[in-house]
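*Asks:* give me a model of this one.
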Amino acid sequence: MAQEMQLIKSAQSGDESAKEKLIVLHRSYIKDVASNYCKRRLDWDNDDELSIALLAFNEAMDSYDLSSQKSFKNFAGMVIRSRLIDFFRKEVRHDYVSLESNTTETHENEERSNIIENQIALDHYKKHLSINERAEEISSFEELLKDYGITFESLEKISPKHQKTRDKLVYVATYIKNHQAFLNYLKTRKKLPLNELVLATKISKKTLKRGRKYIIAVTLILMDERFNYLRSFFALPSDQSHPVYGDNKIDCNLSKEDETIE
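*Replies:* I've put the predicted structure just below:
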């Protein structure tokens, strides 16, 4: 809760990265609220209602009163439902005018109204295009993680708290990405060859076990060009040398026999 309030405070101060983190953390909630209101399962790639819900969540971040006794999630849910109501009312009104209006004057007034509304919608679209694109990227990553038994929400909890540990795990992920035998093992077995990684990276098996999911997630991000935004979200360093021992020259190939070892 304290972390959420700090992120909201930063977002209201203009910190775009804080806004993006809040969207990531509440992405499932946004979808659930919109789906429950629409009485059907919504898809990020195909349903305008989720775009409306995302814009409403962004509005909620900006307007939430930090001193309020009401939880942010409840407030955001209320804003999302309110904006969906406005959206559907507009759709009904548009359909009604299209079917019932016959006079030239009414048609001209409606046309002017539509021009104004379309301009407003276009402005919103341009402003939040990057947010929608990032939501699609996160959705693709979320689907990929499922193959490895990892949820996107769990990554926040399992992310190492200490920078030194994080650097070690990122190094291991980079090592796997750059060595085809290790990469093939991960893709086919959906797990890590821990013994071989200990030999190759000189990092303890205990550390590798604890950071297993984080290593896999970072490896998936590194090996897929679709995840440019997520690379920045995980703050992956450009220096890929060993964080403790310097640039590691060990090359540990996995034979078919070795692939039974974890």
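
*Asks:* and for stretch 63-78, what's in contact with it?
*Replies:* Contacting residues not belonging to stretch 63-78 are listed as 4-5, 8-9, 12, 26, 29-30, 33, 56-57, 60-61, 79 [C-beta atoms under 8 Å, 6 or more residues apart in numbering]. Just so you know, the C-beta spots here come from the backbone N, C-alpha and C atoms, and that holds for glycine as well.

*Asks:* now those residues in CSV, with neighbour count?
*Replies:* Listed next are the contacts of stretch 63-78 as CSV, based on neighbours: other C-beta atoms under 10 Å:
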residue, neighbour count
Glu4, 15
Met5, 12
Ile8, 20
Lys9, 13
Gln12, 15
His26, 21
Tyr29, 15
Ile30, 22
Val33, 22
Ala56, 24
Phe57, 24
Ala60, 23
Met61, 21
Val79, 22
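
*Asks:* quick check: the farthest pair among the residues you listed?
*Replies:* For the contacts of stretch 63-78, the maximum inter-member distance is 22.8 Å, found between Lys9 and Val33 (C-beta to C-beta).

*Asks:* where does Ile203 land in three-state SS?
*Replies:* coil (DSSP: H, G, I helix; E, B strand; the rest coil).

*Asks:* so how far is Arg210 from the nearest residue to it once chain neighbours are set aside?
*Replies:* Nearest residue to Ile203 in three dimensions, chain neighbours excluded: Lys168, at 5.5 Å (C-beta to C-beta, 6 or more residues apart in numbering). Note on Lys168: its distance to Arg210, by C-beta to C-beta, to the nearest Å, is 11 Å.

*Asks:* now the helices: where do they sit in the stretch 51-200 of the chain?
*Replies:* All helices of the stretch 51-200 of the chain, identified by DSSP state H, counting those that start in this stretch, fall at 72-100, 104-146, 152-158, 163-178, 180-189, 194-201.

*Asks:* rank those helices by pLDDT, which is bottom?
*Replies:* Lowest mean pLDDT within those: helix 104-146, a mean of 60.

*Asks:* gap between the two ends of stretch 181-199?
*Replies:* Chord length of stretch 181-199, first to last residue, is 14 Å (C-alpha to C-alpha, to the nearest Å).

*Asks:* again, but for stretch 58-76
*Replies:* 9 Å.

*Asks:* only the buried residues of that stretch, if you could.
*Replies:* The neighbour-count check on stretch 58-76 (16 or more other C-beta atoms under 10 Å) flags Asn58, Ala60, Met61, Tyr64, Phe72, Phe75, Ala76 as buried.

*Asks:* stretch 138-151 now?
*Replies:* Ile138, Ser139, Phe141, Glu142, Leu144, Leu145, Tyr148, Ile150.

*Asks:* compare Lys168 and Arg210 (neighbour count), which wins?
*Replies:* More neighbours surround Lys168 than the other of Lys168 and Arg210, with 23 against 15 (other C-beta atoms under 10 Å).

*Asks:* you'd agree that one is up against Thr207?
*Replies:* Yes - counting by C-beta atoms under 8 Å, Thr207 is a contact partner of Lys168 at 6.4 Å.

*Asks:* look up phi and psi at Asp43.
*Replies:* Reported as degrees, to the nearest 10, the phi and psi values for Asp43 are phi -120, psi 130.

*Asks:* so how far is Arg81 from the nearest residue to it once chain neighbours are set aside?
*Replies:* Spatial nearest neighbour of Asp43, excluding adjacent residues (C-beta to C-beta, 6+ apart): Leu50 at 7.5 Å. Per C-beta to C-beta, Leu50 is found 13 Å from Arg81.

*Asks:* domain ranges for the protein?
*Replies:* 2-135, 152-260 (automatic domain parsing).

*Asks:* if I look at Asp86, how far off is Leu7?
*Replies:* 27 Å.

*Asks:* and Ile85, by the same measure?
*Replies:* Taking C-beta to C-beta, one finds Ile85 at 27 Å from Leu7.

*Asks:* of these two, which one has the most company?
*Replies:* Applying other C-beta under 10 Å to Ile85 and Leu7 shows that Leu7 carries more neighbours, namely 20 against 11.
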